[in-house]
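Student: pasted the sequence and its predicted model underneath.
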Amino acid sequence: MRKLAIALLLVFLAAVAALSAFAEQTTPPPPGPPRPLNIPTPTDKTLANGLRVIVIPKSGVPLVAARLLVKTGGEADPADKAGLADMTASLLTKGTTTKSAEEIARGVEALGASIESGAGWDNSYVAISSLANNFGEAMTYVADVARNPVFAKDEVDRLREQNVDALRVALKDPAQLARFVASRVVFGGGPYGHNLGGTPKSLEGIKSEDAAAFHAKWYRPDNAIFVVAGTITPDAAMAIAEKSFGDWKASGEMPPRAGEGAGATQKPRVVVIDMPDAGQAAVMVTRRGLARTDPAYITSQVANAVLGGGYSSRLNEEIRIKRGLSYGAGSSFDFRREAGPFFATAQTKNESAGEVASIINEQLSSMTSTSVAESELTPRKAVLLGNFGRALETEAGLVSRVGALALYGLPLGDLSHYISDVQGVTAAQVKEFATGHFPDESVVIVGDVKKFGDEFKKRFPNAEIIPLAQLDLDSPTLRKP
């Protein structure tokens with residue numbers, strides 16, 4: 001018994017010592033140095049028909065991922081057909097001249113592969129992930145859906161109905177509605193001003209022939225990039241690309257690019273959408289951000305990491321942790337071919353909507369007036385580098401990153417020095433960037449105005465209040481006639 005008592009006492013004392021050491025640690029330990037990444041050198045070749053093919057060998061797992069990128073997306077939507085690029089891309093896997101949607105799904109599944117298609121602002125894509133030994137056969141499906149879609153009326157009608165239903169749900173969510181409104185506030189009637197997925201009204205006007213015309217105009221080899229990564233040799237991947245796309249011919253001259261994405265600069269506004277009985281208010285401070293090719297791209301990522309990129313960022317610290325006004329607050333840049341939007345967002349009680357908007361503006365101002373301490377800058381960089389490393393762990397992640405560089409005409413080698421570029425950003429550069437890019441923001445709030453209180457009117461006396469029933473997302477003015 002005595003030995004047991006002594007043993008228990010020693011365990012107790014060890015636990016007390018450990019707790020004492022923990023209590024003395026008032027700050028988290030500093031992050032370790034970033035681990036070097038071994039990124040294979042891509043093989044880059046352009047086929048005779050103009051299709052650029054990029055191959056990144058990646059050993060370890062017998063998988064291959066590939067993505068066919070068409071260099072046109074939602075920015076090319078006609079003014080009265082917002083969502084056309086998104087619908088066109090989504091319909092690619094819903095039937096071709098040789099296979100039905102069910103046959104495509106069953107055939108891909110039988111290979112242990114997965115296929116998807118969609119569109120962004122600057123691109124449309126078909127992506128495949130497959131076991132390495134089935135990749136050649138899986139690519140027959142990619143080539144077929146990209147080149148031979150039929151846009152059957154029943155599939156168009158079904159997708160339209162699904163998308164309209166989803167939009168009607170989204171329009172009841174203050175956070176999603178605020179983002180839709182913010183696009184109009186920042187870009188007005190420009191190509192980036194509409195919702196990428198369209199609106200119920202715009203989708204109703206999209207027919208089979210519209211999707212077929214969009215496909216015929218933009219889906220062509222000299223407007224596309226094919227990226228492959230995984231357990232495959234460059235020679236084998238090039239041979240599969242040639243077999244899948246070598247006889248793909250473009251019709252006529254390449255049409256001019258679909259206009260300037262950003263459009264005219266809009267004046268800062270404070271727009272409030274009155275959503276009666278909204279459970280919470282969505283608060284968004286927004287402005288025009290940067291193009292992906294902007295030299296300040298890396299600095300902007302570091303600045304955003306400090307401001308609103310994660311749990312320990314300034315916005316979340318001030319709004320959630322210190323004041324308990326939201327479950328979370330953050331910010332982000334949406335980098336596109338032209339300058340995309342910047343958002344700083346939070347959801348809060350209706351009564352504190354004005355206070356949260358003011359806090360976001362105050363934090364943006366503090367980025368321009370004070371330098372970031374190294375003790376804050378170092379861990380925020382570590383978050384960026386950790387996210388970057390994880391994004392490259394999978395074949396699909398590597399394809400996505402390399403494809404984005406190719407899409408915007410950037411050197412593929414930029415991946416290899418991303419870590420050193422981030423590490424090299426200084427506090428002075430962050431402050432200089434903030435000074436040039438954070439002033440003159442617009443404010444968008446969606447919530448129950450009757451609960452905002454007099455304090456909101458004092459903070460934002462010039463706010464435009466638009467009743468939900470009068471909101472028109474298809475109009476640059478945001479108001480029904």
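Tutor: Yep, it's here. None of these values were measured; they are calculated from a predicted model.

Student: run through the strands of the stretch 251-400 of the chain in chain order.
Tutor: Using DSSP state E, counting those that start in this stretch, the strands of the stretch 251-400 of the chain run over 270-274, 281-288, 329-333, 341-348.

Student: so which residues of the stretch 101-250 of the chain form strands?
Tutor: So, for the stretch 101-250 of the chain - with DSSP E, counting those that start in this stretch - the strands run 114-119, 124-131, 224-230.

Student: how about these in CSV, adding distance to Thr46, mean pLDDT and mean neighbour count?
Tutor: C-beta here means a position set from N, CA and C on the backbone, and glycine is covered the same way. CSV is the format used below for the strands of the stretch 101-250 of the chain (distance: least, C-beta to C-beta, whole Å; pLDDT from 0 to 100; neighbours: other C-beta atoms under 10 Å):
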stretch, distance to Thr46, mean pLDDT, mean neighbour count
strand 114-119, 23, 98, 19
strand 124-131, 19, 98, 24
strand 224-230, 10, 98, 28
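
Student: show me the one of the strands of the stretch 251-400 of the chain that comes nearest Arg52.
Tutor: strand 329-333 (26.3 Å; C-beta to C-beta).

Student: so what secondary structure elements neighbour that closest one?
Tutor: helix 297-308, helix 314-316, strand 341-348 (3 or more C-beta pairs under 8 Å, 6 or more residues apart in numbering; DSSP states H and E).

Student: how far away from the center of its chain is it?
Tutor: Centroid displacement of strand 329-333 relative to its chain, using C-alpha atoms, centre = their mean, to the nearest Å, is 12 Å.

Student: circling back to that earlier point, now the helices and strands packed on strand 329-333 as JSON lines including mean pLDDT, distance to Ala105 and mean neighbour count?
Tutor: Output for the helices and strands packed on strand 329-333, formatted as JSON lines (pLDDT from 0 to 100; distance: least, C-beta to C-beta, whole Å; neighbours: other C-beta atoms under 10 Å):
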{"stretch": "helix 297-308", "mean pLDDT": "98", "distance to Ala105": "38", "mean neighbour count": "24"}
{"stretch": "helix 314-316", "mean pLDDT": "97", "distance to Ala105": "41", "mean neighbour count": "24"}
{"stretch": "strand 341-348", "mean pLDDT": "97", "distance to Ala105": "35", "mean neighbour count": "25"}
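
Student: out of these, nearest to Ala382?
Tutor: Nearest to Ala382, of those and by C-beta to C-beta, is helix 297-308 at 9.2 Å.

Student: what about that closest one, distance to the chain center?
Tutor: 15 Å.

Student: tell me what that helix is packed against?
Tutor: Using 3+ C-beta pairs under 8 Å, 6+ apart: helix 297-308 touches helix 314-316, strand 329-333, helix 353-369, helix 374-391, helix 418-423, helix 427-437.

Student: any idea how far Val55 is from the nearest residue to Ser59 once chain neighbours are set aside?
Tutor: Closest residue to Ser59 apart from its sequence neighbours, by C-beta to C-beta, 6 or more residues apart in numbering: Thr231 at 5.9 Å. Distance check for Thr231 against Val55: by C-beta to C-beta, to the nearest Å, it reads 12 Å.

Student: those two - which one has more neighbours?
Tutor: More neighbours surround Val55 than the other of Thr231 and Val55, with 26 against 18 (other C-beta atoms under 10 Å).

Student: Ser375 versus the closest residue to Ser331 other than its chain neighbours, what's the distance?
Tutor: What sits nearest to Ser331 in space, not counting adjacent residues and going by C-beta to C-beta, 6+ apart, is Gly308, at 2.8 Å. According to C-beta to C-beta, Gly308 stands 18 Å off from Ser375.

Student: over to Pro467?
Tutor: Note on Pro467: its distance to Ser375, by C-beta to C-beta, is 47 Å.

Student: which one's more surrounded, the two?
Tutor: Between Pro467 and Ser375, Pro467 has the larger neighbour count (other C-beta under 10 Å), namely 14 against 9.

Student: what is the burial count for the closest residue to that one other than its chain neighbours?
Tutor: Counting by C-beta to C-beta, 6+ apart, Pro467 lies nearest to Asp274, which is 4.9 Å off, once chain neighbours are set aside. Close neighbours of Asp274, defined as other C-beta under 10 Å, add up to 19.

Student: ok, now which ones touch Asp274?
Tutor: 447-449, 465-468 (C-beta atoms under 8 Å, 6 or more residues apart in numbering).
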